[in-house]
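Enquirer: What follows is a predicted structure for the sequence shown.
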Number of protein chains: 2
Amino acid sequence: MSSRPGRATLATIAEAAGVSIATVSKVVNGRDDVSPGTRAMVEDLLRQHYYTGRGGSRLATIEVVFAGPLAAYSNEVMEGVLQAAAEPGVAVMLSKGRGASSATAWALGVAKAGRSAVISVSNEMTVEDATALVRANVPLVVVDPLTPAGNDIISVGSTNYAGGITAAEHLLSLGHTRMAYIGGEAEAGCNQARWQGFRSTLESAGHPVPENLVLHETFRYSAGLTGGGILLDRPDPPTAVFAGSDEIAVGLLEAARRRGVRVPEDLSVVGFDDTQLAEFCSPPLTVVRQPLREMGRVAVRTALQLASGDSLDSHHVELATSLVVRASTAAPRR
Amino acid sequence: MSSRPGRATLATIAEAAGVSIATVSKVVNGRDDVSPGTRAMVEDLLRQHYYTGRGGSRLATIEVVFAGPLAAYSNEVMEGVLQAAAEPGVAVMLSKGRGASSATAWALGVAKAGRSAVISVSNEMTVEDATALVRANVPLVVVDPLTPAGNDIISVGSTNYAGGITAAEHLLSLGHTRMAYIGGEAEAGCNQARWQGFRSTLESAGHPVPENLVLHETFRYSAGLTGGGILLDRPDPPTAVFAGSDEIAVGLLEAARRRGVRVPEDLSVVGFDDTQLAEFCSPPLTVVRQPLREMGRVAVRTALQLASGDSLDSHHVELATSLVVRASTAAPRR
DNA sequence: CTGAAAGCGCTTACAG
DNA sequence: CTGAAAGCGCTTACAG
């Protein structure tokens, strides 16, 4: 073991690899006159030594990736991210993901641009993307994962199952017995958890959700608008609906308005998330609150820990959901 | 004139300044063993030659500054920014401004971090901030300026005055004669323009806005909620309200709901902006649309032009507003 | 495919 | 306050 006090230089790597500085330089610069074996070995060493180039580590920068459109939901997460990043002076970059480029090219670009870590929000990070980031030595933290994250993916979520229970208990306590669910993407893990928590609680209470009052589509407004229409146009509409997101709930509100169905007098609505939409709509929404800002903050702290090589206590953190009662729920009419 | 083919190096600057490379290096690194006169001269030359350091220009990066909370409004602008930045591969950083640090320190930090330009959205950029950026050689573009921008500040806005006229004409055409205005910050230039366009049109039509039906507070939801309450609690409430922003309009919607005032049957509401809030609220809002995405796109293109040293055709661009009719306006009851 | 050697851009301890 | 000189980290044309 040679002494290595400061940052790794080309010389550090060259010594460790038993090759010349010139060869290491070629690998770093992606030249092609290096044998595959040598290249692989040198790349490994570069990663192990956290080689950063002469610029040193620059300003720490976190790249936040949103797959979908920016929305009320993303704003909450971003506020938390910005807050947690501001104090240590970490810069925050916003992007829409890798677009058309290959996972490898994208990950390499992210590394080359000097990003300290990537935070992916509510996003289908494919295993391919995640692997590419690992190979490029860029830590990844996933917020509110759609797919149940694999074991080696670090993620921050909330207690979706408990949230489903909370919604059910609230509606039961108001006296509802005929309730419906409009959820997001059927495959999404968080959607499944919300639904199962809701479903099992109502079942135990002796008021199971009829199969034809369960809709899974997307987490977007349009799903609430059309799904709400389907439910409300039935001869026997539900007296309460649990929506898998605030956007769905707000779409449902509009479906109700169009039909002259009053909320909460004729229909109770519970949303999920507690974004600004929930506060700003009329009537303001009763929701299961997901602490999105706090999730953003935790994601930043975790990402920074990973970036500085610290080990983590846990690969998945779940923050508690809670009930926020506003004006969209009431006892059913009799 | 010596030949200068590629990027400026310390040697380029040293030659131009007639000092040694060592002295230039000291200036670049902020050492204090340089006389003020020499320092000033060298700094000038560094700017003139677009000195970037050995890293070259890195990845072009634009820093977008929002002073207030992220909201439906900022999302529209950001979508445009991200779209325009994606194609040329420009990175987008998000920040909340300089916080507690001095304007100079902040601007220097922005320059040192290698930002190509700053886009400030709907923000009170003080003259001090703007000057500091100029001195640090970082181009600035202001989107939807609150204060009427000075002559040397580059800005992108929309036709606020025309928007006010549009709102007035729409309500007049529906048959309204008693109309109110709830605007944002009274001093804000964009607020003034919207109000004056509205006011003058109604005046010409013989239906001037009574002074006690004009409220100026902030562009936020709470201003619409309280302002709407004041208006609707009058013995002689207006039959229509023009709101200076979507948030105000949505707050007004809630004030109406709480009082059992139906929109649009009992009250017509026109918003301003056309954010997602306008689409998602119930009833969906009739609005004067501000092309926020396009404004974000233009801001990026302008910023990039400035960063590459191109000159601009115009220091201020105004994009056209338009009327989007949804469900919050109708003829007044008789 | 590899590396010795020349050279570039930059920094800094030190002499004046 | 200034700069000559030593030296660092890196790149690259070229010889093997």
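Expert: Right, received. Where do you want to start?

Enquirer: so what's A:T38 up against?
Expert: By C-beta atoms under 8 Å, 6 or more residues apart in numbering or on different chains, the contact list for A:T38 reads A:A17, A:V19, A:T23, A:V27. C-beta here means a position set from N, CA and C on the backbone, and glycine is covered the same way.

Enquirer: Repeat that for A:V300.
Expert: The contact partners of A:V300, by C-beta under 8 Å, 6+ apart, come to A:I62, A:G80, A:V81, A:A84, A:A85, A:V90, A:I119.

Enquirer: Hmm, A:F66 and the third one touching each other?
Expert: When you say that, I think you mean A:V81. No - with contact defined as C-beta atoms under 8 Å, A:V81 does not reach A:F66; the gap is 10.9 Å.

Enquirer: more crowded one of the two?
Expert: Using other C-beta atoms under 10 Å in any protein chain shown, the more surrounded residue of A:V81 and A:F66 is A:V81, with 28 against 23.

Enquirer: Tell me which residue of the stretch 151-300 of chain A lies closest to DNA strand D.
Expert: A:V300 (28.0 Å; C-beta to the nearest atom of the strand).

Enquirer: For the residue of the stretch 101-250 of chain A found nearest DNA strand C, what are phi and psi?
Expert: Taking C-beta to the nearest atom of the strand, DNA strand C has its nearest neighbour within the stretch 101-250 of chain A at A:G114, 17.3 Å off. Dihedral angles of A:G114 (phi, psi; degrees, to the nearest 10) stand at phi 80, psi 20.

Enquirer: follow-up on the earlier one: quick one: which of the contacts of A:V300 is the most crowded by neighbours?
Expert: Within the contacts of A:V300, most neighbours by other C-beta under 10 Å means A:V81, with 28 neighbours.

Enquirer: do the helix or strand of chain A with the lowest mean pLDDT and DNA strand D meet at all?
Expert: Using mean pLDDT, DSSP states H and E, the weakest-scoring helix or strand in chain A turns out to be helix A:36-48, at a mean of 79. No - on the criterion C-beta under 7 Å from any atom of the strand, helix A:36-48 is out of touch with DNA strand D, staying 10.5 Å away.

Enquirer: Please identify the helix or strand for A:I13.
Expert: helix A:10-17 (DSSP states H and E).

Enquirer: Need the residues touching each of A:V81 and A:F66.
Expert: Residues touching both A:V81 and A:F66 (C-beta under 8 Å, 6+ apart): none.

Enquirer: quick revisit: widest-spaced pair of the contacts of A:V300?
Expert: Using C-beta to C-beta, the pair of these lying farthest apart is A:G80 and A:V90, separated by 13.2 Å.

Enquirer: so the residue of the stretch 101-250 of chain A closest to DNA strand C touches A:Y51, yeah?
Expert: No - taking contacts as C-beta under 8 Å, A:G114 lies outside contact range of A:Y51: 12.0 Å.

Enquirer: ok so A:V288 is a strand residue?
Expert: Yes - A:V288: assigned to a strand according to DSSP: H, G, I helix; E, B strand; the rest coil.

Enquirer: re earlier: can you tell me which of the contacts of A:T38 end up in helices?
Expert: A:A17, A:T23, A:V27 (DSSP state H).

Enquirer: ok, so of those, who is nearest chain B?
Expert: The closest of these to chain B turns out to be A:V27 (C-beta to the nearest C-beta; 19.2 Å).

Enquirer: and A:G68, how many neighbours does it have?
Expert: Counted with other C-beta under 10 Å, A:G68 comes out at 16.

Enquirer: That one: what's it in contact with?
Expert: With contact taken as C-beta under 8 Å, 6+ apart, A:G68 is in contact with A:S74, A:S122.

Enquirer: same check, this time on A:A255
Expert: Neighbours of A:A255 in contact, by C-beta under 8 Å, 6+ apart: A:G224, A:L225, A:T226, A:G227, A:G228, A:G229, A:L232.

Enquirer: so what's it closest to, chain neighbours aside?
Expert: Nearest non-adjacent residue to A:A255, counting by C-beta to C-beta, 6 or more residues apart in numbering or on different chains: A:G228, 3.1 Å away.

Enquirer: From A:E79, how far off is the residue in the stretch 151-300 of chain A that DNA strand C sits nearest to?
Expert: Nearest residue of the stretch 151-300 of chain A to DNA strand C, counting by C-beta to the nearest atom of the strand: A:V300, 30.1 Å away. Here A:V300 is placed at a distance of 12 Å from A:E79 (C-beta to C-beta, to the nearest Å).

Enquirer: rewinding a little: name the secondary structure element that contains the residue of the stretch 151-300 of chain A closest to DNA strand C.
Expert: Judged by DSSP H and E, A:V300 forms part of helix A:292-307.

Enquirer: For that helix, the averaged confidence score.
Expert: Mean per-residue pLDDT for helix A:292-307: 96.

Enquirer: got it, and stretch A:189-208?
Expert: 97.

Enquirer: Name the residues of it that are buried.
Expert: A:189-195, A:197-199, A:201-202, A:207 (16 or more other C-beta atoms under 10 Å in any protein chain shown).

Enquirer: So which residues make contact with it?
Expert: Against stretch A:189-208 from outside (C-beta under 8 Å, 6+ apart): A:144-148, A:157, A:160-169, A:172, A:176-179, A:181, A:183-186, A:209, A:214, A:216, A:219, A:242, A:244, A:272, A:288.

Enquirer: Of those residues, keep whichever come out buried.
Expert: For the contacts of stretch A:189-208, a burial check counting by 16+ other C-beta under 10 Å picks out A:144-147, A:157, A:160-169, A:172, A:176, A:179, A:181, A:183-185, A:209, A:214, A:216, A:219, A:242, A:244, A:272, A:288.
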